[in-house]
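[1] everything below, folded, please.
(chains A and B)
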2 protein chains.
Amino acid sequence: MQNISDMFHAQSVAVVGASANPDKMGHTILHNIIAGGYRGMIFPVNPRGGDILGYPSYPSIVDIPHPVDLVVIVVPAPFVPDIIEQAGRINVKGIIIITGGFREIGNDALDAEVMNLARGYGIPVVGPNCQGVNYTPNKLCASWPLITAKGPIAVISQSGTIGAAISMWAEKDEIGISAFVSLGNRSDVSEIDLMYFFAEDEETRCIALNIEGVSDGKRFIDCIRKIADVKPIIVLKPGRSPEGQRAAESHTKAIGGDDAVFDALCRQFNLIRAYDLDEFYDLCKLAAFISSPMGNNLAVITSSGGSGILAVDAAVENGLKIPKLSDESISKLKEILPSQCVISNPLDLTGDALADRYSDALEVLRSDCTFDTFLVIFGDPIPDTAEVFLELMEKSEKKFIVSYLGGGDVEESEKNALHRISIPVFPTPERAVKAISAIQKYYERKDEKKDEV
Amino acid sequence: MQNISDMFHAQSVAVVGASANPDKMGHTILHNIIAGGYRGMIFPVNPRGGDILGYPSYPSIVDIPHPVDLVVIVVPAPFVPDIIEQAGRINVKGIIIITGGFREIGNDALDAEVMNLARGYGIPVVGPNCQGVNYTPNKLCASWPLITAKGPIAVISQSGTIGAAISMWAEKDEIGISAFVSLGNRSDVSEIDLMYFFAEDEETRCIALNIEGVSDGKRFIDCIRKIADVKPIIVLKPGRSPEGQRAAESHTKAIGGDDAVFDALCRQFNLIRAYDLDEFYDLCKLAAFISSPMGNNLAVITSSGGSGILAVDAAVENGLKIPKLSDESISKLKEILPSQCVISNPLDLTGDALADRYSDALEVLRSDCTFDTFLVIFGDPIPDTAEVFLELMEKSEKKFIVSYLGGGDVEESEKNALHRISIPVFPTPERAVKAISAIQKYYERKDEKKDEV
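    A predicted model of the protein is given here:
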């Protein structure tokens, strides 16, 4: 396998087809590299010459008087082979081909020509026909949309839109991504190469994988056998239905194979499968924050009785338990909580609860050995919720997962404040519970496999 | 049944317990009535006297020198019976008791005393222990949160938080609500009275019902038998699991009954059941915009191949069909669309599609008689999407449902622009498809029942 690490850690980038025209892709890519805060050298390449976005341009990459680590290509497909030749001559370490017009429209010969050239020089290629690469630890957004929030999720995506949606949600939620790699035709660098890279990447805590089919069944199984228990891999593989599979084949020539087989693979090798886009993001979010088993016993603390019941139904339906509080917890809570509170599991702190009532309750419950994990529901615009957890997290190994709803503008800022202290927040109790169930199963299977060894 | 219509259309409101202190509920309620733009007369009642929020206050409601239609009570429970007496003497038309401390904490006697008094005077009472009433056609927000966006959804909710969440989402999405009624203990006015009212209310197109149990089984069945086919009723009834039902009983003393029985009732009488909070809102949103059958054949038009496949899987899994385009449609589309487009169902307009390419494609497809309904996916930050539909809606009876994702800030403004022209927008393709399937089933059952008659 090529050393794709050098591509992510490139110290200099050339954009071939860079443009001053904001309508052109060659403008977007150059702009995003600059606006993303890239610290390495940036070389626009355009035969017309002159400055582009404040950087002097060069007629071709061979004219650049410095070493070039990464070449991003946005010029039309017929020009691509020549650029690969040039890249080979100046020893670049990686190539991203944004340009379309290859295998995806039946132009297999051009695809093969380009890949043979690149392989001859030993240069790894992402694409063609892709949305580029964003690696936030290197502030290298050779992609779109412009995402600068650095975080723990590495997004590998066949669909540019799905990858972009996850990345944008993670940025808006102040969670961030370590990377977004758009696979495109994946004529060279595949999801497998990337999974190996991110498994070792210290900036990545979990991998979000969107594929419509695997590039190489044997290598894929070998890869997930080795790394699925190293870092959680959350996979969204549409084309479950025969109709969906036909659509996937027209989209990316992917042969999805029998979905039941893929599903069995996921179970056997401990991939975490998401079945829709919301769930894909939810599971990534929880895996980004929680890195050990949560147990199956859930304590629910809420200011909204109705929302607590939503959580209980979802827990039971997803294989979690809502055990009773210990007698000791109950008597302590009765002492400290106002009389209208409903002291049970779920614990209803009622609608006038502020952050301090949550702190008081959790201070008691953290000693209740039945529970490792607390689902804390804020069902009103309650401020200062991060302070509830800051102290607790110092004193306790327990896990805290939040659902915040019914809070309007307060909700938005509190959610982000909680994410900044590594407390995952979900928009509904049910989504929180489903994520807890799926990630908990991942850790259970991981432990079982350890026992088998 | 009392005439609760007068309460919603009240021409004057007294707030008993109005306060200048922003931390008090009596401040929030008065503030929201004023800030909501209420045009009727507003009377703060507080024995301390003086102006409150710019309105002269009165020591009691009997001192108000004008007719009072609606009395909102926020003073402590022991004072409530006296105020009901006074309200009876001055012939008010409705009472909302926000105050808690009644049946929900075991104080059944006080609850009964208050209700007997009110019934003696023939005054309908909402609550006690509730979050109030907001009726946007009368700009009467005697409730919190402050919601002013007038729209087609009437929210009847046992849980204040769930009702508030739906209302806030509808406001943020520029869909709006006709009403939010918080049931509280529903000691007098019940979900049944309210469903009858909203079934006749011209401002209401669909009813969002969140209950943990029905107040009166026989009346409930009678009610839904009469009105479920008049307007779509979307119901979220948690407490499906035995554990959830126990929690519901502690929360609102609701006896949920066997969930399978309720589920059968929903099917028999054509209630639209939602199983989680996201779905509850999604179904309300679609029912607010779509008021006739959509058919089971879905055409999917997308700029994102991957998102199209998500839609296809979800369609197949939810009983919808993705039939082939007609030969005529295919040959016309081949003529007008760029060569990289994938001409099939889903129709992939590819990532550089702008609004005009959607217009061109939909102009062809609206004549394809296989399809009544189009799921249009915008998978990139595409501007001016409302213009795609404005012209089409004039020329065509077809139904257009949108999923907009991967669009960042553009997505937010486009979504709202689409809602303003009555095109429903969903954040993921799967959520759009699930809503289409559920609302389509509602209209199918409605038609079947018509045939039986």
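[2] what does the stretch 1-150 of chain A have sitting close to chain B?
    Listed as neighbours of chain B in the stretch 1-150 of chain A under the rule C-beta under 8 Å from any C-beta of the partner chain: A:Gly100, A:Gly101, A:Glu104, A:Ile105, A:Gln131, A:Pro145. C-beta here means a position set from N, CA and C on the backbone, and glycine is covered the same way.
[3] of all those, which two lie farthest apart?
    Based on C-beta to C-beta, the longest span within the residues of the stretch 1-150 of chain A next to chain B runs between A:Ile105 and A:Pro145 and measures 24.8 Å.
[4] which residues touch the helix or strand of chain A with the lowest mean pLDDT?
    The weakest-scoring helix or strand in chain A, judged by mean pLDDT, DSSP states H and E, is helix A:242-252 (a mean of 84). The contact list for helix A:242-252, computed with C-beta atoms under 8 Å, 6 or more residues apart in numbering or on different chains, reads A:104, A:158, A:185, A:212-213, A:238-239, A:254-256, A:259, B:305-306, B:308-309, B:312-313, B:315-316, B:322, B:342, B:344, B:346, B:348.
[5] so how do I select the buried members of those residues in PyMOL?
    Buried members of these can be picked out in PyMOL with the line below, counting by 16 or more other C-beta atoms under 10 Å in any protein chain shown:
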select buried, (chain A and resi 104+158+185+212+213+238+239+254+256+259) or (chain B and resi 305+306+308+309+312+313+315+316+322+342+344+346+348)
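[6] so which of the contacts of helix A:242-252 are in strands?
    B:Asp348 (DSSP state E).
[7] quick one, helices of the stretch 1-150 of chain A?
    Counting by DSSP state H, counting those that start in this stretch, the stretch 1-150 of chain A has these helices, from start to end: A:5-8, A:25-35, A:80-89, A:108-121.
[8] would you mind giving those as TSV with mean neighbour count added?
    Listed next are those as TSV, based on neighbours: other C-beta atoms under 10 Å in any protein chain shown:
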stretch	mean neighbour count
helix A:5-8	20
helix A:25-35	22
helix A:80-89	19
helix A:108-121	16
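[9] any chance of those in JSON lines, plus mean pLDDT and distance to B:Glu335?
    As requested, those are arranged in JSON lines below (pLDDT from 0 to 100; distance: least, C-beta to C-beta, whole Å):
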{"stretch": "helix A:5-8", "mean pLDDT": "97", "distance to B:Glu335": "42"}
{"stretch": "helix A:25-35", "mean pLDDT": "97", "distance to B:Glu335": "26"}
{"stretch": "helix A:80-89", "mean pLDDT": "98", "distance to B:Glu335": "29"}
{"stretch": "helix A:108-121", "mean pLDDT": "96", "distance to B:Glu335": "26"}
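[10] quick one: closest of the ones you listed to B:Arg39.
    With C-beta to C-beta, the closest approach to B:Arg39 among these belongs to helix A:25-35: 49.2 Å.
[11] show residues contacting the closest one.
    With C-beta under 8 Å, 6+ apart, helix A:25-35 has contacts from A:13, A:15, A:17-22, A:42, A:44, A:46, A:52-55, A:72, A:74-75, A:98, A:132, A:140-146, A:148.
[12] quick one: low-confidence residue ranges for the stretch 301-450 of chain A.
    Scanning the stretch 301-450 of chain A with the threshold set as pLDDT under 70 gives no residue ranges.
[13] and the residue of it closest to chain B?
    Using C-beta to the nearest C-beta, the single residue of the stretch 301-450 of chain A nearest to chain B is A:Gly306, 2.3 Å away.
[14] close enough to count as contact, that residue and B:Ala165?
    No - look at A:Gly306 against B:Ala165 with C-beta atoms under 8 Å: they stay out of range, at 9.9 Å.
[15] hang on, A:Ile156 packs against A:Ala208?
    Yes - between A:Ile156 and A:Ala208 there is a contact under C-beta under 8 Å: 6.9 Å.
[16] more neighbours, these two?
    A:Ala208 (32 against 26; other C-beta atoms under 10 Å in any protein chain shown).
[17] just checking, what packs against the host helix or strand of the more buried one?
    Element membership for A:Ala208 (DSSP states H and E) is strand A:206-210. The helices and strands touching strand A:206-210, judged by 3 or more C-beta pairs under 8 Å, 6 or more residues apart in numbering or on different chains; DSSP states H and E, are strand A:150-157, helix A:160-172, helix A:191-200, strand A:233-236, helix A:277-289.
[18] which residues does A:Ile42 contact?
    So A:Ile42 contacts A:Ser12, A:Val13, A:Val15, A:Leu30, A:Ile33, A:Ile34, A:Tyr55 (C-beta under 8 Å, 6+ apart).
[19] can you tell me how far the last one is from chain B?
    Between A:Tyr55 and chain B the distance is 25 Å, computed by C-beta to the nearest C-beta, to the nearest Å.
[20] for A:Leu298, which of the helices of the stretch 1-150 of chain A is the nearest?
    Of all the helices of the stretch 1-150 of chain A, helix A:5-8 comes closest under C-beta to C-beta, at 38.3 Å.
[21] what does the closest one rub up against?
    Counting by C-beta under 8 Å, 6+ apart, A:69-70, A:93-94, A:96, A:124, A:126, A:133, A:135, A:137-138, A:140, A:179, A:197, A:201 sit against helix A:5-8.
[22] in strands only, show me these.
    Among those, the members falling in strands (DSSP E) are A:Leu70, A:Gly94, A:Ile96, A:Val126, A:Val133, A:Tyr135, A:Leu140, A:Ala179.
[23] which residue sits closest to A:His87, ignoring its sequence neighbours?
    Not His; residue A:87 is Ala. Spatially, and ignoring its direct neighbours in sequence, A:Ala87 is nearest to A:Val71 (5.0 Å; C-beta to C-beta, 6 or more residues apart in numbering or on different chains).
[24] for that neighbour, give the beta-bridge partners.
    Beta-bridge partners recorded for A:Val71 (DSSP bridges): A:Ala14, A:Ile95.
[25] with A:Tyr58 instead?
    Note on A:Tyr58: beta-bridge partners A:Val45, judged by DSSP bridges.
[26] now the helix of greatest length in chain A and helix B:160-172, what's the angle there?
    Secondary structure of chain A per DSSP state H: the longest helix is helix A:429-452. Per axes from the mean of the first three to the mean of the last three C-alpha atoms, to 10 degrees, the angle that helix A:429-452 makes with helix B:160-172 is 110 degrees.
[27] how about helix A:429-452: buried residues?
    By neighbour count with 16+ other C-beta under 10 Å, helix A:429-452 contains the buried residues A:429-443, A:445-446.
[28] can you pull out the low-pLDDT segments for the stretch 1-150 of chain A?
    A:1-2.
[29] for the contacts of helix A:5-8, which one is nearest B:Phe289?
    When these are compared against B:Phe289 (criterion: C-beta to C-beta), the nearest one is A:Ala179, at 38.7 Å.
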